[in-house]
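**Student:** sequence isn't available, so here's the structure alone:
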């Protein structure tokens, strides 16, 4: 089996179609509890022997029946597939509806069944194969079909859209292992593939095929097979030159064909008939895998196969330059809401697109979705674990309720327009209990909520200009769009993000260097580090000096981007860390380093950890909607007294190590004491001491 196939299978996540789809039926009657999307009527049927239960269990055909059969109380009677299902007593179930009326896959509503036919030579897979469900056809071996198909499959699966790739590895070794490479066998090979793809598509899945399929008549027959039952079929031509394909000859097939060891090899001694009117042409010699993936997704979006929200485009909320003067004039005529520094930080987060696809402060519907489900649900399930809301007092609500638009004002300047504002009650206690798991009034962020407005106001934001703080650090406040462009300019094939609140010491550097080494060992050529400290509001004893010691020579500047994440800190533990991870995913990161007790703090009263220190990393590995980011847990680093350097902790040599916490480090800096040799670069420590000295003088 091809190594990319093994790798792909190892990364496939459970869930999708089989999750929550089991329904118990009374014979001949509709679902007792309707499924979350339109009815699915092709299913396995089971008999329940217990007389107190309804007579049948229906499970979609694309779910695994073996999982259900493991139950002691369920006996499989028959599997049916057709216009009608009949149970053991001969009572007919409801007739199947046409596939257009059946449900779509996963958590994304709507029917999505289609086939994407890719043709061309296969590229060597990237270090982590992305999965593609389309029918790609046309092209030579090495053109890039399999690489693109796996990339598409992984993307769709990670966004709860069921899909599967068909290629030579899973077809030639099973269904078509009795076929050779004669013209007759090749024709039959493609016919069988088309029929299998049709069944996948008919079940509501996106099916991607990646085969050379050199003959036009065979590809046209595949299209007719789908057209005959009204299923979408998209032909994607992977256009790559013969020279490029030969340069990618990882299997040595071209070399053997040139030597005469392989006869009838497409592109050498067998013709390839170019498609006359493919639905999409991908020039893999000129485009990256991600650029090809984007074009395929755009095709599927235009054809209403996938929702536009899954494109993960950064949704910036700045007023266009050609409309700025008009917007400023409009803002000057509107009633105003005076906002705090914390509110302005959230305006910055929203305007730069970190919370895409939000178009502004959450309305009540979005607020409830996030508070109760940790997701935005309209247009597809999108992970967003923390409410992003604007509190106002009752007086403001009474004055402005019913206005078509209001201006947001900070320190006398109008910074944004809030269109179609919606006021709704700020359920403070419930919000705190759900978001933080506590209502302790001494928690620093909860304290601000309890002291804040009794109402929330949501609406669409139009931000007049980019938020600047004029503190000498604006150059580090890069937007997601700017970060993506930097990654592209650096030709990064992997981006690993690291968030920190404390100054960068040698233990952090050790962790980041080790992560880069591991990515290189996995086959990546140019992994880039996004060193991304949080730059919004923090509690009083958190350290803003981290920003001043970022570029002290402990990291390779040629493969490191230093930037500031503008979000305020909430200290909401595993709930908040999902937001931190998802925002970096929006900016283009595909690896996220997570440490001990991320976004946590001691309980204000008991002084014990408010959250289990290990839960942040565990939750990230399970969180819905974050599957396109691989979580890299912290390896514990401590000061090795024997080596006089930071080292990975070894519990067998516990006495050799000293743990220096952020609190201890800050206390040492305040008192002017020096840390142990090798703990932090001397220049960086000097900056830290100067920072705390200046704080003492200010007080």
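**Tutor:** All right, it came through fine. Computed from a predicted model, the values in this text were never measured in an experiment. Numbers count the residues shown, from 1 in each chain.

**Student:** how much space between residue 310 and residue 388?
**Tutor:** Going from residue 310 to residue 388 by Cβ to Cβ, to the nearest Å gives 20 Å. In this view, the C-beta of every residue, glycine as well, is placed from N, C-alpha and C.

**Student:** ok, residue 557 next?
**Tutor:** 33 Å.

**Student:** contacting residues around the longest helix along the chain?
**Tutor:** Looking across the chain with DSSP state H, the single longest helix is helix 183-202. With Cβ atoms under 8 Å, 6 or more residues apart in numbering as the test, helix 183-202 has contacts from 42, 99, 113-115, 117, 135, 164, 166, 171-172, 175-176, 179, 207, 209, 211, 213-215, 218-219, 221-222, 225-226, 229, 231-232.

**Student:** and those residues, which are buried?
**Tutor:** 42, 99, 113-115, 117, 135, 164, 166, 171, 176, 179, 207, 209, 211, 213-215, 218-219, 222, 225-226, 231-232 (16 or more other Cβ atoms under 10 Å).

**Student:** which of those fall in helices?
**Tutor:** Per DSSP H, the subset of the buried ones among the contacts of helix 183-202 in helices is 171, 218-219, 222, 225-226.

**Student:** now, among the residues you listed, which is nearest to residue 651?
**Tutor:** Lowest distance from residue 651 to those (Cβ to Cβ) belongs to residue 171, with 49.2 Å.

**Student:** can I take it that residue 691 is in a helix?
**Tutor:** Yes. Assessed by DSSP: H, G, I helix; E, B strand; the rest coil, residue 691 belongs to a helix.

**Student:** begin at 348 from now on, thanks
**Tutor:** Let's use 348 as the start, then, which means that last one is residue 1038.

**Student:** neighbours around it, how many?
**Tutor:** 20 (other Cβ atoms under 10 Å).

**Student:** please report the distance of it from residue 798.
**Tutor:** 29 Å.

**Student:** same deal with residue 744?
**Tutor:** Residue 744 is 17 Å from residue 798, by Cβ to Cβ.

**Student:** so for residue 904 and residue 735, which sits in the more crowded spot?
**Tutor:** Legend: neighbour count by other Cβ under 10 Å for residue 904 and residue 735, higher for residue 735 (22 against 9).

**Student:** I'd assumed residue 707 was in contact with the more buried one.
**Tutor:** No. Under the criterion of Cβ atoms under 8 Å, residue 735 is not in contact with residue 707, lying 9.0 Å apart.

**Student:** re earlier: and residue 744 and residue 798? which has more neighbours close in?
**Tutor:** Comparing residue 744 with residue 798 by other Cβ under 10 Å, the one with more neighbours is residue 744, at 18 against 10.

**Student:** in whichever strand or helix holds the more buried one, what's buried?
**Tutor:** Taking DSSP states H and E as the criterion, residue 744 maps to helix 741-747. Buried residues in helix 741-747, counted by 16+ other Cβ under 10 Å: 743-744, 747.

**Student:** from the contact counts, what lies against the helix or strand hosting residue 807?
**Tutor:** If you go by DSSP H and E, residue 807 is part of strand 802-810. Helices and strands touching strand 802-810, by 3 or more Cβ pairs under 8 Å, 6 or more residues apart in numbering; DSSP states H and E, are helix 688-699, helix 711-720, strand 738-739, helix 741-747, strand 760-772.

**Student:** list of residues touching the first one?
**Tutor:** Residues from elsewhere that reach helix 688-699, judged by Cβ under 8 Å, 6+ apart: 663-665, 686, 702, 705, 707-708, 735, 737, 755, 757, 762-763, 795, 808, 810, 813-814, 824, 826-828, 883-884, 913-915, 930.
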